[in-house]
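Asker: quick one: sequence plus predicted model below, questions after.
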2 protein chains.
Amino acid sequence: MKFSSKCEACSLSPIRKFHPYVVAAEAAGRRVLHLNIGQPDVETPQAFFDAVRGFRNPVLAYAPAGGVDEYLEAVQGYYQSFGVSLALEDILSTYGGSEALQLTAACILDDGDEVLIPEPFYPNYDTFIGVTGGKIVPIPTTAEEGYRFARREKIEPLITPRTKAIMITNPGNPTGAVLTREEQLLLLEICKEHGLFLVSDEVYREIIYSGEPLSSLLEYEDGAENVIVTDSISKRFSSCGARVGALISRNRHFMELAMKICQGRLCAATLDQIGAAALYRTMTPDYLASVRDEYGRRKDALVEALSKLPGVTHSSPEGAFYVMATLPVDDAEKLQYFLLQEFEDQGETVMYAPGEGFYATPGKGRNEIRIAYVTQPRELTRAIQLLGLGIEAYNRKNGT
Amino acid sequence: MKFSSKCEACSLSPIRKFHPYVVAAEAAGRRVLHLNIGQPDVETPQAFFDAVRGFRNPVLAYAPAGGVDEYLEAVQGYYQSFGVSLALEDILSTYGGSEALQLTAACILDDGDEVLIPEPFYPNYDTFIGVTGGKIVPIPTTAEEGYRFARREKIEPLITPRTKAIMITNPGNPTGAVLTREEQLLLLEICKEHGLFLVSDEVYREIIYSGEPLSSLLEYEDGAENVIVTDSISKRFSSCGARVGALISRNRHFMELAMKICQGRLCAATLDQIGAAALYRTMTPDYLASVRDEYGRRKDALVEALSKLPGVTHSSPEGAFYVMATLPVDDAEKLQYFLLQEFEDQGETVMYAPGEGFYATPGKGRNEIRIAYVTQPRELTRAIQLLGLGIEAYNRKNGT
């Protein structure tokens, strides 16, 4: 029996593939400090659980394919709160930001079509695009340039007749880079000129440390046909397990195609949408600011700890909750196996996301890692200390 | 800008596309009796809501990509209860049976690959397969033969080098046909001989009127590599809005490919899986029998009402909760528009799923409809009365 060649070509998640080794390390009595996954420890607002507990219909019925009305209206109201007017039909309810990205890839890509993505990028983009037969063409960036990619001279040489879209995460995962208004307008300009979609994953919108007002590529009326935004309650409201997201575009035909697939899979989960609607309805600027400030404190603690490790360089995030760091080792993936299988300090070890999976260019990112700062400052400091000890032990073992 | 040619070729759901006309009819003050969608009115067991309300973790975190342990164990226990032994790694948690089908199509199909499906079939199969670039090759059946399709002479002539799988719903949606043990073995035999997957959608497993013991294609050890089963809590526990299903196979490589996509989309909803686990844990044979008997009473009421309509013929379901009926009209879809836009009797009208969408062969099913008997007998009887009156009015208007 033969399988899909597209699916065969996809990779296991570089973030999740170490899971069995974590289980083994924990079974052996070691505590693993997690820097690897973007699962915040911030409490989910009680409004979500209250709304879910308050559900009184005796039948848990299908929601409409496009979403529960009160959720769609809540998303509409949220965007309105920072000046973006959306029609309800511009919004589809999805299983997290992930399904919004899957739908986008399925609606715009044919075999061999190309999507320009600044690298390093969120590795699951590779799966979403790979299963459609599409291909990621990386826009190279460097740590030295602060991972800036919105430069005409970086992007235009990569555009071919097969290019369908530019796809970005803003604020950036894993780089923490945040687009300036000029950069946003330049990307939109390039997409309009070349007839490309601009797919903007904006799930980290509120998590910006510069104090700039909230923004979205949906703000621009000119070029609205080109823009597709994916969003989620996961990070904004620390509710990753709810799997409630949104696919938003003013491109009518795109939304019609997406609706075909939405109808096929019937609907997103009813209760979770009701909980998500309550989150948006009860959200206050204070809550969002407190979440952002909390991540800001963690970033500061992490960056301080990292700066003490000899030979380690790292990004200075403007947003989101990740740092890219370059380690003084041959291979960060080998180091990760070492940390889980052979290393411990006072019964503890550490886990991060090796960098190679964040690049499409072979060989790039081999000595880089992504660190998610989603735990308490004290825990972060200890995790970085473990990383430093682990690097020393690994290099000692390898005689370097 | 250009879109995916595969997605362009897909259709809107023939079951859901009349939604805007229903909204309009209801806005005009008419009540629409629904025979169109498989949304049962049976109450969701309280155990689901109790488990969800009892969730006390302050953070609604990601579940593991493959599923919440307690849900996977509950599914394992459920299968064991009728003699099917599964390893936990044979089971992946999915967003309803729908995602299990999407994953299956994505893991086994390349562009131009063929899937043999007895027609009429559940229309969303068309979308799941269409977005991958695969193609449905219908196995023709007839109402006169009771929609039996598991015949070597019907299937083997359709097998080509591009055939990847035979895909069935058992019990059948929309036909209500239930495979005999001999038919199951024959299908497995054919799949083994020709190196095909046998994809079996078994979400209606308990709803069988003949009193036969529960069965699954997972029972057969010989040929286990070929078998992929999709399942869901939606119909079994009247919990369609929970979107919790399962993808089950003993084919290791298939499950590895499916896990890649599962990791990409991170996880299915955490709370809903916890609720689903409680449903399986607290399930009793009495509950399942009472649900089946309830549908049996509805089937009897529906069939009795249908048999009174002149010129209408219909299937005699052995399982699931649908009837296929042939109407004395030129086009059941035109009749549906008429019923929603021009017809009423005492302020009421009726809605069904036109049959054409259940066929891949052009022109077939045009005067057929699918009726879901998921409401009370009295409501079903009235709906069929409305259908009869509507047919008369429609044919009178058209001078036939």
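Answerer: Done, it's in. Residues are numbered from 1 along each chain as shown, chains lettered A, B, ... in the order given.
Asker: list the contacts of the nearest residue to residue A:393 once chain neighbours are set aside.
Answerer: With sequence-adjacent residues excluded and distances taken as CB to CB, 6 or more residues apart in numbering or on different chains, residue A:393 is closest to residue A:343, at 5.6 Å. For the C-beta atoms, the positions are set from N, CA and C on the backbone; glycine is no exception. The contact partners of residue A:343, by CB atoms under 8 Å, 6 or more residues apart in numbering or on different chains, come to A:349, A:389-390, A:393-394.
Asker: ok, and the closest non-adjacent residue to the residue of the stretch 301-400 of chain A at minimum distance from chain B?
Answerer: In the stretch 301-400 of chain A, no residue comes nearer to chain B than residue A:374, which is 10.2 Å away by CB to the nearest CB. Sequence neighbours aside, residue A:40 is the residue nearest to residue A:374 in space, at 4.4 Å (criterion: CB to CB, 6+ apart).
Asker: doesn't residue A:239 make contact with that neighbour?
Answerer: No: applying CB atoms under 8 Å as the test, residue A:40 and residue A:239 come out as separate, 9.3 Å apart.
Asker: just to revisit the earlier point, counting neighbours, what do you get for the residue of the stretch 301-400 of chain A closest to chain B?
Answerer: 23 (other CB atoms under 10 Å in any protein chain shown).
Asker: for residue A:216, see how far away it is.
Answerer: 23 Å (CB to CB, to the nearest Å).
Asker: how far does stretch A:110-117 stretch from one end to the other?
Answerer: For stretch A:110-117, the first-to-last residue distance is 17 Å (CA to CA, to the nearest Å).
Asker: what's in contact with it?
Answerer: A:105, A:109, A:125, A:129, A:132-139, A:155, A:158-160, A:162-168, A:196, A:199, A:360, B:4-6, B:111, B:133.
Asker: okay, and which of the residues you listed map to strands?
Answerer: Within the contacts of stretch A:110-117, residues falling in strands by DSSP state E are A:135-139, A:163-168, A:199.
Asker: could the residues you listed go into a markdown table alongside distance to chain B?
Answerer: Shown next, in a markdown table, are the ones in strands among the contacts of stretch A:110-117 (distance: CB to the nearest CB, whole Å):
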| residue | distance to chain B |
| --- | --- |
| A:135 | 14 |
| A:136 | 13 |
| A:137 | 17 |
| A:138 | 18 |
| A:139 | 19 |
| A:163 | 11 |
| A:164 | 7 |
| A:165 | 9 |
| A:166 | 12 |
| A:167 | 14 |
| A:168 | 17 |
| A:199 | 12 |
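Asker: of all those, which two lie farthest apart?
Answerer: Pairwise distances across the ones in strands among the contacts of stretch A:110-117 peak at 16.9 Å for A:135 and A:168 (criterion: CB to CB).
Asker: between the two, who's got more neighbours?
Answerer: Higher neighbour count among residue A:135 and residue A:168: residue A:168, with 24 against 19, using other CB under 10 Å.
Asker: what's the distance between the more buried one and residue A:117?
Answerer: Counting by CB to CB, the gap from residue A:168 to residue A:117 is 7 Å.
Asker: and what of residue A:73?
Answerer: 32 Å.
Asker: any idea how many residues pack against the residue in the stretch 1-150 of chain A positioned nearest to chain B?
Answerer: Nearest to chain B in the stretch 1-150 of chain A, going by CB to the nearest CB, is residue A:127, at a distance of 3.3 Å. By other CB under 10 Å, 24 other residues sit near residue A:127.
Asker: let me see the contact set for it.
Answerer: By CB under 8 Å, 6+ apart, the contact set of residue A:127 is A:10-11, A:13, B:260-261, B:263-264.
Asker: so which residues of the stretch 101-250 of chain A form helices?
Answerer: Taking DSSP state H, counting those that start in this stretch as the test, the helices found in the stretch 101-250 of chain A are A:124-130, A:152-155, A:181-194.
Asker: which of those helices sits most buried?
Answerer: Burial of those is given as mean neighbour count (mean count of other CB atoms under 10 Å in any protein chain shown); helix A:124-130 ranks first at a mean of 25.
Asker: between the helices of the stretch 101-250 of chain A, which one is nearest to residue A:227?
Answerer: The closest of these to residue A:227 is helix A:181-194. By CB to CB, the value is 7.2 Å.
Asker: contacts for the closest one?
Answerer: The contact list for helix A:181-194 (CB under 8 Å, 6+ apart) reads A:148, A:150-152, A:155-156, A:159, A:163, A:165-166, A:168, A:170, A:179, A:196-198, A:215, A:217, A:220, A:222-223, A:226-227.
Asker: ok, now how distant is residue A:122 from residue A:184?
Answerer: Distance from residue A:122 to residue A:184, by CB to CB: 19 Å.
Asker: repeat for residue A:88
Answerer: Applying CB to CB, the value for residue A:88 to residue A:184 is 25 Å.
Asker: now secondary structure and pLDDT too, for the contacts of residue A:343, in JSON lines please.
Answerer: Compiled in JSON lines, the contacts of residue A:343 are given as follows (DSSP: H, G, I helix; E, B strand; the rest coil; pLDDT from 0 to 100):
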{"residue": "A:349", "secondary structure": "strand", "pLDDT": "98"}
{"residue": "A:389", "secondary structure": "helix", "pLDDT": "98"}
{"residue": "A:390", "secondary structure": "helix", "pLDDT": "98"}
{"residue": "A:393", "secondary structure": "helix", "pLDDT": "98"}
{"residue": "A:394", "secondary structure": "helix", "pLDDT": "98"}
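Asker: most neighbours, which of those?
Answerer: For those, counting by other CB under 10 Å, the largest number of neighbours falls to residue A:349: 25 neighbours.
Asker: quick one, what contacts that one?
Answerer: The contact partners of residue A:349, taken as CB under 8 Å, 6+ apart, are A:25, A:30-33, A:339-340, A:343, A:386, A:390.
Asker: can you tell me which of the residues you listed end up in helices?
Answerer: A:25, A:339-340, A:386, A:390 (DSSP state H).
Asker: flag every residue of the stretch 201-350 of chain A that's near chain B.
Answerer: Proximity of the stretch 201-350 of chain A to chain B (CB under 8 Å from any CB of the partner chain) is limited to residues A:225-226, A:238-243, A:251, A:253-254, A:257, A:259-261, A:263-272.
Asker: mind listing what the nearest residue to residue A:188 once chain neighbours are set aside touches?
Answerer: Distances taken as CB to CB, 6+ apart put residue A:223 closest to residue A:188, at 4.5 Å, once the chain neighbours are dropped. Taking CB under 8 Å, 6+ apart, we find residue A:223 in contact with A:188-189, A:191-192, A:198.
Asker: redo these as CSV? Include pLDDT.
Answerer: CSV is the format used below for those (pLDDT from 0 to 100):
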residue, pLDDT
A:188, 98
A:189, 98
A:191, 98
A:192, 98
A:198, 98
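Asker: reformat the helices of the stretch 101-250 of chain A as a markdown table; add distance to residue A:365.
Answerer: A markdown table is the format used below for the helices of the stretch 101-250 of chain A (distance: least, CB to CB, whole Å):
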| stretch | distance to residue A:365 |
| --- | --- |
| helix A:124-130 | 13 |
| helix A:152-155 | 18 |
| helix A:181-194 | 23 |
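Asker: so which of the ones you listed comes closest to residue A:331?
Answerer: helix A:124-130 (19.8 Å).
Asker: hang on, the earlier thing: which pair in the contacts of residue A:223 spans the largest distance?
Answerer: By the measure CB to CB, A:189 and A:198 form the most distant pair in the contacts of residue A:223, at 10.0 Å.
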